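Colleague: kindly return the folded structure for what I paste below:
(chains A and B)
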Protein chains: 2
Amino acid sequence: MNRSELINLIREKQSFLCIGLDTDLNKIPSHLLKTEDPVFEFNKAIIDATNELAVAYKPNLAFYESLGVKGWNSLARTEQYLRQFNVFTIADAKRGDIGNTSKQYAKAMFDPESSGFDFDAVTVAPYMGEDSVQPFLEFDDKWVILLALTSNKGSDDFQMMTSAETGSRFYEEVIIKSLQWGTESNMMYVIGATKAEKLEQIRNLVPGHFLLVPGVGAQGGTLQEVAKYGLNQDCGLLVNSSRGIIYASSGEDFAEKARDEAKKMQVIMGGVL
Amino acid sequence: MNRSELINLIREKQSFLCIGLDTDLNKIPSHLLKTEDPVFEFNKAIIDATNELAVAYKPNLAFYESLGVKGWNSLARTEQYLRQFNVFTIADAKRGDIGNTSKQYAKAMFDPESSGFDFDAVTVAPYMGEDSVQPFLEFDDKWVILLALTSNKGSDDFQMMTSAETGSRFYEEVIIKSLQWGTESNMMYVIGATKAEKLEQIRNLVPGHFLLVPGVGAQGGTLQEVAKYGLNQDCGLLVNSSRGIIYASSGEDFAEKARDEAKKMQVIMGGVL
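Modeller: Below you'll find the model as predicted:
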């Protein structure tokens, strides 16, 4: 999906909601555990109930990998199921390695002839620098979502370090350097909502780029704050909620309750757009 | 595998060789492509031919993921096959996410009841800080191999940045901070061999830790230099070679030629130990 298609989608749906599919066998309703592929059945029901309200879905690959080969199969079925809907799909994989290896990770996420997967975007870790990111940018209409400022406690350990050379924080260095690698049409940044006040400064560095903002809900950020500091003229935001939506109920009404939670967020989003 | 078992293994085999299983369908001998699972058949032949010479094997997960579900199945078969040999197994995965998610990645690599996988170690990216690393350290006799100084061109982009707060390079900060998280018995560091002269400084920071050194061979480092600067009294090194060994021949003699290359390295290693 290219940039103008994404912007149109946001306008049509009056939403910039991304739903995180952090699907955990220990948290999904027990009646699903009797099915052959509980993870896929859960995702399917969530997607069916929410796809008019969300513009993006973000499977968190760790939850699938934790189930081994079976989990990868559930992930593949989920990605294939999503193709029938007009939604942007993000592999939340935090990959990144030397160029030769990142090329393989890019095929894993973006080349259906090789891997069966055809995600629109993948989250990438910047530690190994340019050649670890570049191979993902070589696919048309695909996106790198680069980790910049994350929402977890450990984000203070290194991301907030100040560079003696430039006086910038490390996460700012990541943004500044990576502007040489990609464009507003193939690169986004992960900016945790728990640091919403930082969004204003970040908008000065990347006024036109999309930002993927996790941490609204379970991790503590608030949607209004994120919108206040983060919106640009093309929206420029994808706000992710995972647990707050998909685990809104642990009963048989889980999909309906997920829809209710997604609707609450979409209404606020419609109001600020 | 715990630290003393690893040290004993190195002494017995007179080797600190790690063989990287970067198995690529485009590079393996064509006669294998007719088999049902060419990736596994290739790995099996390489392992059969080299297991007396190598102390460790390191499947590079990108190469398996690029083949989707089928690739994960080949990876699972490879890891299970390795269990019969006295070798240390490393999932070269470069994972790392918020604590809640890293916990799932740890289960993916270390918890056979959940994922089917039972690797001894996993490579982890440090960008997201302590809580992204900690869940991997909660498994007994399992290891985190944290990215510090990598061997690729892009390693200069961020790893060499100087901290205004401490005057250290970023990769040194990663080592120094992570010393609070793990021990010599559950943490190693990735140090690229292309920076062999840096090994001396790094040994001052972590005199007792094991270092995983990729980049000997295809990426340009030399084994003697690495040994000169990197060895400690318990050896403290795992030197990885991937392409130089596994693709030594593209003919039907690939496993024999791989053994020859592995033997050359083991002989040098035996000499310096």
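
Colleague: what about chain A, any weak spots by pLDDT?
Modeller: Low-confidence segments of chain A, defined by pLDDT under 70: A:218-221.

Colleague: that one: helices as residue ranges?
Modeller: Taking DSSP state H as the test, the helices found in chain A are A:3-13, A:38-50, A:61-65, A:68-82, A:99-110, A:112-115, A:130-133, A:155-158, A:170-178, A:199-205, A:223-230, A:243-246, A:254-272.

Colleague: pick the most buried one from these.
Modeller: helix A:61-65 (a mean of 27; mean count of other C-beta atoms under 10 Å in any protein chain shown). (Glycine included, C-beta is placed from N, CA and C.)

Colleague: what about that helix and chain B, any contact?
Modeller: Yes: judged by C-beta under 8 Å from any C-beta of the partner chain, helix A:61-65 and chain B are in contact via A:62-63, A:65.

Colleague: hmm, back to that, need the helices of chain A in JSON lines (columns: distance to residue B:200).
Modeller: Listed next are the helices of chain A as JSON lines, based on distance: least, C-beta to C-beta, whole Å:
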{"stretch": "helix A:3-13", "distance to residue B:200": "48"}
{"stretch": "helix A:38-50", "distance to residue B:200": "49"}
{"stretch": "helix A:61-65", "distance to residue B:200": "37"}
{"stretch": "helix A:68-82", "distance to residue B:200": "41"}
{"stretch": "helix A:99-110", "distance to residue B:200": "27"}
{"stretch": "helix A:112-115", "distance to residue B:200": "42"}
{"stretch": "helix A:130-133", "distance to residue B:200": "26"}
{"stretch": "helix A:155-158", "distance to residue B:200": "24"}
{"stretch": "helix A:170-178", "distance to residue B:200": "26"}
{"stretch": "helix A:199-205", "distance to residue B:200": "38"}
{"stretch": "helix A:223-230", "distance to residue B:200": "46"}
{"stretch": "helix A:243-246", "distance to residue B:200": "47"}
{"stretch": "helix A:254-272", "distance to residue B:200": "54"}
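
Colleague: out of these, which is closest to residue B:202?
Modeller: Using C-beta to C-beta as the measure, helix A:155-158 is the one of these that comes nearest residue B:202, at 17.5 Å.

Colleague: pick the one among the residues of helix A:61-65 next to chain B closest to residue B:52.
Modeller: Proximity of the residues of helix A:61-65 next to chain B to residue B:52 (C-beta to C-beta) peaks at residue A:65, which lies at 31.8 Å.

Colleague: the closest one contacts residue B:102, doesn't it?
Modeller: No: contact criterion C-beta atoms under 8 Å: residue A:65 and residue B:102 do not qualify, at 11.4 Å.

Colleague: what sits against the residue in the stretch 151-273 of chain A that chain B sits nearest to?
Modeller: Distance from chain B to each residue of the stretch 151-273 of chain A (C-beta to the nearest C-beta) is smallest for residue A:154, at 2.4 Å. Residues in contact with residue A:154, defined by C-beta atoms under 8 Å, 6 or more residues apart in numbering or on different chains, are B:98-99, B:128-133.

Colleague: which one of those is nearest residue A:163?
Modeller: Closest approach between the contacts of residue A:154 and residue A:163, by C-beta to C-beta: residue B:129, at 17.2 Å.

Colleague: check contacts around the closest one.
Modeller: For residue B:129, the contact set (C-beta under 8 Å, 6+ apart) comprises A:152-159.

Colleague: which residue, neighbours along the chain excluded, lies closest to it?
Modeller: residue A:154 (2.4 Å; C-beta to C-beta, 6 or more residues apart in numbering or on different chains).

Colleague: burial count for residue A:26?
Modeller: Close neighbours of residue A:26, defined as other C-beta atoms under 10 Å in any protein chain shown, add up to 4.

Colleague: and it, backbone torsions?
Modeller: When quoted as degrees, to the nearest 10, the phi and psi of residue A:26 stand at phi -80, psi -10.

Colleague: same question, residue A:154
Modeller: In terms of degrees, to the nearest 10, the main-chain angles of residue A:154 are phi -70, psi -10.

Colleague: tell me which residue of the stretch 1-150 of chain A lies closest to chain B.
Modeller: residue A:129 (2.4 Å).

Colleague: just the endpoints, please. Distance across stretch A:23-36?
Modeller: Separation of the first and last residues of stretch A:23-36 by C-alpha to C-alpha, to the nearest Å is 15 Å.

Colleague: related to what we said a few turns ago, could you export the contacts of residue B:129 to a markdown table, including columns for distance to residue B:7?
Modeller: A markdown table is the format used below for those (distance: C-beta to C-beta, whole Å):
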| residue | distance to residue B:7 |
| --- | --- |
| A:152 | 35 |
| A:153 | 34 |
| A:154 | 31 |
| A:155 | 36 |
| A:156 | 36 |
| A:157 | 30 |
| A:158 | 31 |
| A:159 | 36 |
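
Colleague: distance check, the residue of the stretch 151-273 of chain A closest to chain B against residue B:135.
Modeller: 11 Å (C-beta to C-beta, to the nearest Å).

Colleague: which neighbours do these two have in common?
Modeller: With C-beta under 8 Å, 6+ apart, residue A:154 and residue B:135 have common neighbours residue B:99.

Colleague: hmm, back to that, can I get the contacts of residue A:154 in TSV with distance to residue A:113?
Modeller: Below are those laid out as TSV (distance: C-beta to C-beta, whole Å):
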residue	distance to residue A:113
B:98	33
B:99	36
B:128	32
B:129	37
B:130	40
B:131	37
B:132	33
B:133	35
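
Colleague: closest one of the residues you listed to residue A:56?
Modeller: Closest approach to residue A:56 among these (C-beta to C-beta): residue B:98, at 18.8 Å.

Colleague: is it true that that closest one touches residue A:190?
Modeller: No: with contact defined as C-beta under 8 Å, residue B:98 and residue A:190 do not form a contacting pair (10.8 Å).

Colleague: what is in contact with the two at once?
Modeller: residue A:150.

Colleague: leaving out the residues flanking it, which one is nearest to residue A:151?
Modeller: residue A:192 (2.6 Å).

Colleague: what's near enough to touch the one you found?
Modeller: Per C-beta under 8 Å, 6+ apart, neighbours of residue A:192: A:149-152, A:155, A:213-215, A:219, A:221.

Colleague: backbone phi and psi for it, please?
Modeller: Main-chain dihedrals, residue A:192, degrees, to the nearest 10: phi -70, psi 140.

Colleague: and it, how far from residue A:180?
Modeller: Residue A:192 sits 24 Å away from residue A:180, going by C-beta to C-beta.

Colleague: likewise residue A:146?
Modeller: Counting by C-beta to C-beta, the gap from residue A:146 to residue A:180 is 12 Å.

Colleague: try residue A:138
Modeller: For residue A:138, the distance to residue A:180 (C-beta to C-beta) stands at 15 Å.

Colleague: show me the contacts for residue A:59.
Modeller: Counted by C-beta under 8 Å, 6+ apart, residue A:59 has contacts A:20-21, A:23, A:43, A:75, A:78-79, A:89-92.

Colleague: wait, which of those residues is closest to residue A:269?
Modeller: Taking C-beta to C-beta as the measure, residue A:20 is the one of the contacts of residue A:59 closest to residue A:269, at 15.8 Å.

Colleague: that closest one is in contact with residue A:63, isn't it?
Modeller: No: Residue A:20 is beyond contact range of residue A:63, at 9.7 Å (criterion: C-beta under 8 Å).

Colleague: give me every residue that touches residue A:261.
Modeller: A:241, A:244-245, A:248.

Colleague: ok, so what distance separates it from residue B:149?
Modeller: Residue A:261 sits 44 Å away from residue B:149, taking C-beta to C-beta as the criterion.

Colleague: likewise residue A:178?
Modeller: Remark: distance between residue A:178 and residue B:149 (C-beta to C-beta) = 20 Å.

Colleague: next up, the contacts around the residue nearest to residue A:50 when sequence neighbours are not counted.
Modeller: The spatially closest residue to residue A:50, leaving aside those adjacent along the chain, is residue A:262, at 4.5 Å (C-beta to C-beta, 6+ apart). Counting by C-beta under 8 Å, 6+ apart, residue A:262 makes contact with A:17, A:19, A:49-50, A:53-54, A:241, A:245.
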